[in-house]
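# Fold the stuff below for me.
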Amino acid sequence: MDSKSIRNTFLEFFKDKSHKIVPSAPIVVQNDPTLMFTNAGMNQFKDYFLGTKSIENKRITDTQKCLRVSGKHNDLEEVGIDTYHHTMFEMLGNWSFGDYFKKEAIAWAWELLTEKFGLPKDRFYATIFEGDEEENLEPDIEAKDFWRDHLPEDRILNGSKKDNFWEMGETGPCGPCSELHIDLRPQTEVDKLPGEELVNKDHPQVVEVWNLVFIQFNRLANGSLENLPNQHVDTGMGFERLAMAIQQKESNYDTDVFQPLIQWVAAKGGVEYGTNEKTDIAIRVISDHIRAIAFTIADGQLPSNNKAGYVIRRILRRAVRYGYTFLNFKEPFLYELLDVLVDQLGEVFPELKQQQDFIGKVIKEEEISFLRTLDNGLKKLDAITGENSKEIDGSTAFELYDTYGFPLDLTALIARENEMTVDEKGFQDEMEIQKNRSKSAAKLSAGDWMLVNDGDTSTFVGYQHFESRTNVLRYREMKQKEKTLFQIVLEETPFYAESGGQVGDTGYLQFGEERVEVLDTKKENDLIVHFTKKLPGKLDGEVHAIVNHTKRVLTQNNHSATHLLHAALRRVLGDHVQQKGSLVNDKALRFDFSHFSKVTDEELAEIEQITNEKIRENIELDEKLNVPIAEAKELGAMALFGEKYGDFVRVITFDQDYSVELCGGTHVKRTGNIGLLKIISESSIAAGVRRIEAITSVEAERYNKKKSDLVYELEELLKHPKDLRKAVETLVAENQSAQKRLEQLNQQQASQLKRIMLDSVTKSNGKSMIFYSGEFPSADSLKQVAFDLKREVENLVLLVAAKIDGKPMLTVMLDDGLVNNGMNANEIVRKMATSIKGGGGGQPFYATAGGKDVNGLEEALKIGKELVG
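Numbering: from 1, shown residues only. Below is the predicted model:
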């Protein structure tokens, strides 16, 4: 059975069991401060487990794109080295939210694997939770009893809390789990050693296939467990491992999930896969990493030097380095592999096909950039690994990172290949020394939610209202460094939570006579959370929630302007333009979009003009709520890649023929409210991504007034000429002409000073000494004179203590022969500079220094004379 059929069979099996098939969530996580990437199938359903989102379908199934390259789930270093770890993988899963539980989950798992997929029953082992005395948790006898219907007693194994008790995090829903393991070894090996002795022992052919999690507890912040009101099932099965078992292969990489990629890379490198360990590892690394790279870019995460973007850049560079070193790929190649990946997965994950050109261009630009420095970095590493040392010191590892773009793990990888280690602490110390940038915020520690009133979800009413009277549902305390904050959840709220690029609302909550300021509003999973510095004395009464009206209005001006701007960009530049990020607040808007060349001034002017025309047309907002996603797409609504949409969406339209987008943000009622848009800048932020920054409304008026005032001031200075532009051009031309005349005068003066210096040459011990103290026209002319004298005077020793524009400057120039005999201009000028309260340096033959004390020039020259003899 091929991999496509395996995936379809899984989904259709659970569809027949009344499960709804849902699409994969984006691999890049939104609105969850605990995660950078989706690392398990359950991530998109956390809200159901936490009780912060209403359950629409009690039975769900899907295949989820997952990435495990950061945090505790970090498989990156093993990928390619062994034959079963991956960065990106698919997780097949089925879920029950308060519906069926252990009996059905176990029975259906057995039915699917042994009857539908035909896997041998006598090769399976099931593990169950053995209990934990410290937690006062009993063994999962219930699960064991259900497994007895399918497996003999000796194939049902006890598992520890580490392996068989699943937890979402330090707090939250959790419960025992039951794993299905399969023994894929040849019968001769099975006869020698029973599979039960290899379960959970990292054997590449005795592997966990499916994990059935039975969520029935909630972990509190104090570490204790409480029973959940409803019991849930969360299962996860690695698609690649399942394919290995069904296709009877020894490795995931031998299945048709990876073989098309592997064979392409092998052919490109002119090698045969399976014949050389080093090239095999390189081919596996590349075949795995292209999947992670392509899917994350498709979901909106571009390679960068920060957070999730840096993780992707590390993965890409790791793949490039393996290709460069072991397959002799000296030119970009990863982007070409995208064709094979899209042929494989473009149907099940359409975002790959829809963005293929964009993804390919981003990857190619990243490859070109890294290849520029890779060769030099590898040469430096080769020199280090060729030495006798067994460790690469921290400063060298940092230089490779800072200068050559080598992530620390890449340096560590090359070190391991040469039986060396890396001083990682030293590297981190160097990082701290270099960091004069802001440090990331300290980790927030959260207490348990304290319930005030019944209710699990918070209703947003801010589309229609700026204030509402409501009740507090729950609150909790947060600690960050020495600061204490509080999070408050309301039954209904007019406060918009930061999302989709729009900042969260601020304002205040009125509890009777007591006012509590709202500092920010964010989403945590699907819960709207208000951040405050304090709690009121009484929480259980009515609260009047009031949004900062001025800030919200200015923010929604900018948000609606991004929609108009997006449509204008597509009209002027083409339909390839897609939003790649945005930031909208009350001061300005920032809009990132896909485009592979600089937007010209003429194009920017046209984009701005079209946007302002649409503002002046005063188009009325057409807001459609709860539109089925298929219907919204038929309306022509643009969906953003990397966003997760539900079955029903909100459609924002400003003229059906101009701008139709899926959007959850707040907007103006008519475009005329925006007033005016002014583009401030256009720049590149990543390969294939441009950024426009703009202002609207009050800020645009201020900007234009400032420009207008500047023009008036210029007219005042120039005595109100009839043609201001011509007057300024004339002034600039006159200044350039005066500058040229000044340069000529400086050159003449410098030539005269040079002749004076030549006439002052004295001989001492075979050296031609020139000492000069006095005025000099410019630093550039002094440098030119020094180099002229070096060419013209044999065995030159030149010391100059000059006063230039009222400031002291020292210059030392030495003949190359004198340098070879031990003299050093750098050392001389530094000692001279102490007299002028300054410092400097340069090369052994030429060095300069500046300072603060012009009165110390004569003393500096005296010191120099003593040093040169």
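
# give me the low-pLDDT residue ranges for this protein?
30-34, 70-75, 77, 386-388, 402-403, 405, 434-445, 481, 641-642, 644 (pLDDT under 70).

# Longest helix of it, counting residues only.
helix 724-759 (DSSP state H).

# which helices and strands sit right next to it?
Counting contacts by 3 or more CB pairs under 8 Å, 6 or more residues apart in numbering; DSSP states H and E, helix 724-759 is packed against helix 697-717, strand 767-775, helix 779-792. Backbone N, C-alpha and C define where each C-beta goes, glycine included.

# list the buried ones in the shortest one?
By neighbour count on 16 or more other CB atoms under 10 Å, the buried set for strand 767-775 is 767-772.

# Just give the nearest non-adjacent residue to residue 108, would you?
Distances taken as CB to CB, 6 or more residues apart in numbering place residue 17 nearest to residue 108, at 6.3 Å, with adjacent residues excluded.

# got it, and residue 96?
In space, residue 96 is closest to residue 233, 3.9 Å off (CB to CB, 6+ apart).

# secondary structure class for the one you found?
strand (DSSP: H, G, I helix; E, B strand; the rest coil).

# give me every residue that touches it.
94-96, 99-102, 104-105, 212-215 (CB atoms under 8 Å, 6 or more residues apart in numbering).

# Isn't residue 353 up against residue 342?
Yes - using CB atoms under 8 Å, residue 353 is in contact with residue 342, at 5.3 Å.

# These two: which is more packed in?
residue 342 (20 against 15; other CB atoms under 10 Å).

# tell me what the helix or strand hosting the more buried one is packed against?
Element membership for residue 342 (DSSP states H and E) is helix 338-345. Applying 3+ CB pairs under 8 Å, 6+ apart, we find helix 338-345 packed against helix 259-269, helix 277-298, helix 350-354, helix 356-385.

# hmm, back to that, and the buried residues of strand 767-775, which two are the farthest apart?
767 and 772 (15.8 Å; CB to CB).

# Kindly provide the distance from the spatially closest residue to residue 359 that is not a sequence neighbour to residue 501.
Spatial nearest neighbour of residue 359, excluding adjacent residues (CB to CB, 6+ apart): residue 297 at 4.8 Å. Distance of residue 297 to residue 501, given as CB to CB, to the nearest Å: 18 Å.

# what's the answer for residue 695, then?
Residue 695 is 16 Å from residue 501, by CB to CB.

# Kindly report the same for residue 724.
Taking CB to CB, one finds residue 724 at 39 Å from residue 501.

# And those two? Which one has more around it.
residue 501 (21 against 13).

# Return the helix or strand containing residue 828 as CSV; C-alpha atoms alone will do.
Using DSSP H and E, residue 828 sits within helix 825-833. Provided in CSV are the C-alpha atoms of helix 825-833 (Å, rounded to 0.1, in the frame of the first residue of the first chain):
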residue,chain,number,x,y,z
ALA,A,825,53.7,52.5,14.0
ASN,A,826,50.7,51.2,15.9
GLU,A,827,52.6,51.0,19.2
ILE,A,828,54.2,54.4,18.7
VAL,A,829,51.0,56.3,18.0
ARG,A,830,49.2,54.7,21.0
LYS,A,831,51.9,55.9,23.4
MET,A,832,51.9,59.4,21.8
ALA,A,833,48.1,59.6,22.1
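
# heads up, I number from 55, so please use that
Noted, 55 is the first residue going forward, which turns the last one into helix 879-887.

# and after that helix, which helix or strand comes next?
Next element after helix 879-887 (DSSP H and E): strand 893-896.

# Just give the strands next to that following strand in its sheet, each with its orientation.
According to DSSP bridges, strand 893-896 forms sheet pairs with strand 900-904 (antiparallel).

# From the chain's centroid, how far away is stretch 715-728?
28 Å (CA atoms, centre = their mean, to the nearest Å).

# list the buried ones in that stretch?
Those would be 715-722, 725, 727-728, for stretch 715-728 by 16+ other CB under 10 Å.

# hmm, back to that, tell me which of the helices and strands packed on helix 778-813 sits nearest to residue 336.
In terms of CB to CB, the element of the helices and strands packed on helix 778-813 nearest to residue 336 is helix 833-846, at 50.2 Å.

# Only the buried residues of that closest one, if you could.
833, 835-836, 838-840, 842-844.

# now do stretch 326-341
Result for stretch 326-341 [16+ other CB under 10 Å]: buried residues 327, 333-341.

# same deal with stretch 635-651?
Neighbour count says stretch 635-651 has 635-640, 642-649 buried, by 16+ other CB under 10 Å.

# Contacts for it, please.
In contact with stretch 635-651 (CB under 8 Å, 6+ apart) are residues 354, 412, 415, 554-557, 604-606, 608-609, 612-613, 615-616, 619-620, 623, 627, 630-634, 719, 734, 739, 742-750, 753.

# one more time with 6 Å
412, 415, 555-557, 605, 608-609, 612-613, 615-616, 619, 623, 627, 631-634, 742-749 (CB atoms under 6 Å, 6 or more residues apart in numbering).

# In helices only, show me those.
Per DSSP H, the contacts of stretch 635-651 map to helices at 412, 415, 605, 608-609, 612-613, 615-616, 619, 623, 627.

# Next, format these as a markdown table and append neighbour count and distance to residue 487.
What follows is these, written out as a markdown table (neighbours: other CB atoms under 10 Å; distance: CB to CB, whole Å):
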| residue | neighbour count | distance to residue 487 |
| --- | --- | --- |
| 412 | 21 | 38 |
| 415 | 17 | 36 |
| 605 | 16 | 39 |
| 608 | 20 | 41 |
| 609 | 23 | 39 |
| 612 | 30 | 39 |
| 613 | 26 | 41 |
| 615 | 30 | 43 |
| 616 | 28 | 40 |
| 619 | 27 | 42 |
| 623 | 25 | 42 |
| 627 | 18 | 43 |
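
# And the strands in the stretch 105-254 of the chain?
Taking DSSP state E, counting those that start in this stretch, the strands of the stretch 105-254 of the chain run over residues 113-121, 123-124, 127-128, 142-151, 178-183, 210-213, 219-221, 226-237.

# Direction included, what does the last one pair against?
As defined by DSSP bridges, the strand partners of strand 226-237 come to strand 178-183 (antiparallel), strand 219-221 (antiparallel), strand 260-273 (antiparallel).

# same thing with the fourth one?
Using DSSP bridges, the strands paired with strand 142-151 are strand 113-121 (antiparallel), strand 279-292 (antiparallel).

# what angle do it and helix 392-399 make?
In terms of direction (axes from the mean of the first three to the mean of the last three CA atoms, to 10 degrees), strand 142-151 departs from helix 392-399 by 30 degrees.

# any idea how far strand 142-151 is from the chain center?
Taking the mean of its C-alpha atoms, strand 142-151 sits 25 Å from the chain's own mean (CA atoms, centre = their mean).

# CA-only coordinates of it in PDB, if you can.
Extracted as PDB, the C-alpha positions of strand 142-151 are listed here (Å, rounded to 0.1, in the frame of the first residue of the first chain):
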ATOM      1  CA  MET A 142       8.900  17.600  10.100                       C
ATOM      2  CA  PHE A 143       6.500  14.700  10.300                       C
ATOM      3  CA  GLU A 144       2.800  13.900   9.900                       C
ATOM      4  CA  MET A 145       0.800  12.900  12.900                       C
ATOM      5  CA  LEU A 146      -2.300  10.900  12.200                       C
ATOM      6  CA  GLY A 147      -4.900  11.200  15.000                       C
ATOM      7  CA  ASN A 148      -8.400  10.700  16.200                       C
ATOM      8  CA  TRP A 149     -10.000  12.600  19.100                       C
ATOM      9  CA  SER A 150     -13.000  12.200  21.400                       C
ATOM     10  CA  PHE A 151     -14.100  15.200  23.300                       C
END
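
# which residues sit against that strand?
64, 68, 73, 95, 102, 109, 112-115, 117-118, 120-121, 286-294, 345-346, 349.

# Just give the nearest non-adjacent residue to residue 564, would you?
Going by CB to CB, 6+ apart, residue 564 has residue 598 as its nearest residue, at 4.0 Å.

# Correction: the previous question concerned residue 612.
residue 643 (4.0 Å).
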